[in-house]
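>>> Next input, structure requested:
(one chain, ligands or ions: 1)
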Amino acid sequence: MTRILDKTPELRLDSVPMLDLQRQFEQVRAEVLAAVGRVCASQHYILGPEVESLERELAEFCGVRDAVGCSSGTDALWLALAAAGVQAGDQVLTTPFSFFASASAIVRAGGRPVFADIDPLTFNLDPARVENFVRGGRHDKLRALLPVHLYGQCADMDSLQKLADEFHLLVIEDAAQAIGARLGERAAGSMGVSAAFSFYPTKNLSAYGDAGLVTTTNPAMAEHMRRLRNHGSPRRYVHEEFGWNSRLDAMQAAILRVKLKYVEGWNDARRKRAARYDQLFIEAGLTSSGEQAENSAPIQLPRTSAKAHHVFHQYVVRAYRREELREFLTARKIGTEIYYPIPLHLQPCFVYLGYLEGDFPEAERAAKEVLALPMFPELTEEEQHWVVKSIADFYC
Ligand SMILES: Cc1ncc(COP(=O)(O)O)c(C=O)c1O
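Model prediction:
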């Protein structure tokens, strides 16, 4: 740890926030307020031209034909699953290590979630485990795979797509955390038949309220989702099926259109900050290339797979004695989070699925070890130094 301590012996900050949206707002304030003013002047608050423009711009950003705005990432997942034809009795396979909505949307669409364990290096769905499941003869009710691009890194879509092709499954991406992420040349949101995005205020592209969107390569599904988000109604007061009110409002769309212009620059800033954390942890001697966070190398750095363009929605390490470290950092007013402390197969509401502790050991180990550190494009070098120095102080 000497280099950090030597370089900045007197450094001491009062606090470091996990996320500071105020700093971003200062950059876009004038443009955002003008966009809000434009919507108020138009008096067109739900769907309409702003939403249609956002849909076109995001479809182009992701390199797909269609995008359908809706009221949240959770609803985006539901729309994608419903339009894919998931219905009662169908299984959809996803990761047990994600936000709740990845699995609850399957239930809401009428399906039954099934899980396969994660790759311990990327925290994403492990194709080898998915293969075990389908080759194990348990796939006759399986209709779709729902990989999550966790923390901003795309899942291994090539391997998953191969399995999907062989077993006639649809692939739906949960890209809620991954706007701007890529695998080789392909953007998150362009690899499955459809993909769900969330613009929850903490996301890399964030609204000032709830908002979401589905991208799709299938025009018929896009049409279907447009009906479903609006009470199954192709035109006023005609209802062809039971949809939902899942419309996106024009104010959020207008704000998102302002911010979309900046998202690649913000993602680059996140990537730079992730590289700086890596470097600081290495210089501090807190890490090794091993797979286990342990006493001699208490921090295991996040891994990026070869073809992935990771956009670091979160910077997540594995930490030895995580709970004590977290308390120590909290005492110094350094923000941290645990995404996610309880794997989905062990959530109380999923008891009926019949999974037990020990079924997905890597997801369960990750839930005990992961720690997300402050990460946002405006995080300063000084703040990062203080975070790493504080972690070094804890382990010394
Ligand atoms: C992986 C993942 N899926 C789905 C969602 C749901 O998005 P929302 O909060 O916009 O409903 C989130 C966001 O929290 C998420 O992180």
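>>> Please, which helix or strand holds residue 140?
Using DSSP states H and E, residue 140 sits in no helix or strand.
>>> Kindly state the pLDDT recorded for it?
Per-residue confidence at residue 140 stands at 86 (pLDDT).
>>> which stretches of the stretch 1-150 of the chain have low pLDDT?
Along the stretch 1-150 of the chain, segments meeting pLDDT under 70 span 1-9.
>>> And the strands in it, which stretches?
66-70, 91-94, 112-115, 142-146 (DSSP state E, counting those that start in this stretch).
>>> which helices and strands does the last one pack with?
For strand 142-146, the elements it packs on are helix 73-83, strand 91-94, helix 127-135, helix 157-166, strand 170-174, judged by 3 or more Cβ pairs under 8 Å, 6 or more residues apart in numbering; DSSP states H and E. In short, each C-beta sits where N, CA and C put it, glycine included.
>>> What strands line up against it, and which way round?
Here the strand partners of strand 142-146, with direction, are listed using DSSP bridges: strand 91-94 (parallel), strand 170-174 (parallel).
>>> ok, and what's touching the first one?
Under the criterion Cβ atoms under 8 Å, 6 or more residues apart in numbering, residues 81, 86, 102-103, 106, 109, 111-116, 125, 130, 133, 139, 141-148, 172, 174, 344 lie in contact with strand 91-94.
>>> What residues does the residue in the stretch 201-350 of the chain positioned nearest to the ligand make contact with?
Residue nearest to the ligand within the stretch 201-350 of the chain: residue 212 (5.0 Å; Cβ to the nearest ligand atom). Neighbouring residues of residue 212 by Cβ under 8 Å, 6+ apart: 69-76, 176, 196-199, 248.
>>> So what sits opposite it in the bridge?
Under the criterion used here (DSSP bridges), residue 212 is bridged to residue 70, residue 198.
>>> ok, back up a step: for residue 333, which of the helices and strands packed on strand 142-146 is the nearest?
Taking Cβ to Cβ, helix 73-83 is the member of the helices and strands packed on strand 142-146 nearest to residue 333, at 29.6 Å.
>>> quick one: the closest one to strand 170-174, angle?
Put simply, helix 73-83 runs at 170 degrees to strand 170-174, going by axes from the mean of the first three to the mean of the last three Cα atoms, to 10 degrees.
>>> ok so, going back, most neighbours per residue, which of the strands of the stretch 1-150 of the chain?
Stretch with highest mean neighbour count among the strands of the stretch 1-150 of the chain: strand 66-70 (a mean of 27; mean count of other Cβ atoms under 10 Å).
>>> Can you name every helix or strand that that one contacts?
Using 3+ Cβ pairs under 8 Å, 6+ apart: strand 66-70 touches helix 49-62, helix 73-83, strand 212-216, helix 219-228.
>>> So for the ligand, which of the helices and strands packed on strand 142-146 sits nearest?
Using Cβ to the nearest ligand atom, the nearest of the helices and strands packed on strand 142-146 to the ligand is helix 73-83, at 2.4 Å.
>>> what sits against residue 196?
73, 76-77, 79-80, 105, 172-176, 212-214.
>>> How about residue 154?
Residue 154 neighbours (Cβ under 8 Å, 6+ apart): 124, 178, 181-183, 188, 191, 308.
>>> Mind picking the two most distant members of those residues?
Every pair of the contacts of residue 154 checked by Cβ to Cβ; the farthest is 124 and 182, at 14.5 Å.
>>> ok, which of the contacts of residue 212 also contact the ligand?
Among the contacts of residue 212, the residues that sit close to the ligand (Cβ under 6 Å from any ligand atom) are 72-74, 176, 198.
>>> Contact residues of the stretch 51-200 of the chain facing the ligand?
Neighbours of the ligand within the stretch 51-200 of the chain, by Cβ under 6 Å from any ligand atom: 72-74, 98-99, 101-102, 148, 174, 176-177, 198, 200.
>>> Looking at neighbours, which among those residues is most surrounded?
For those, the largest number of neighbours (other Cβ atoms under 10 Å) sits with residue 174, at 31 neighbours.
>>> list the contacts for the residue lying closest to that one once chain neighbours are set aside?
Leaving aside its chain neighbours, residue 174 sits nearest to residue 148 (4.1 Å; criterion: Cβ to Cβ, 6 or more residues apart in numbering). By Cβ under 8 Å, 6+ apart, the contact list for residue 148 reads 94-95, 98-99, 102, 124-125, 155, 173-174, 176-177.
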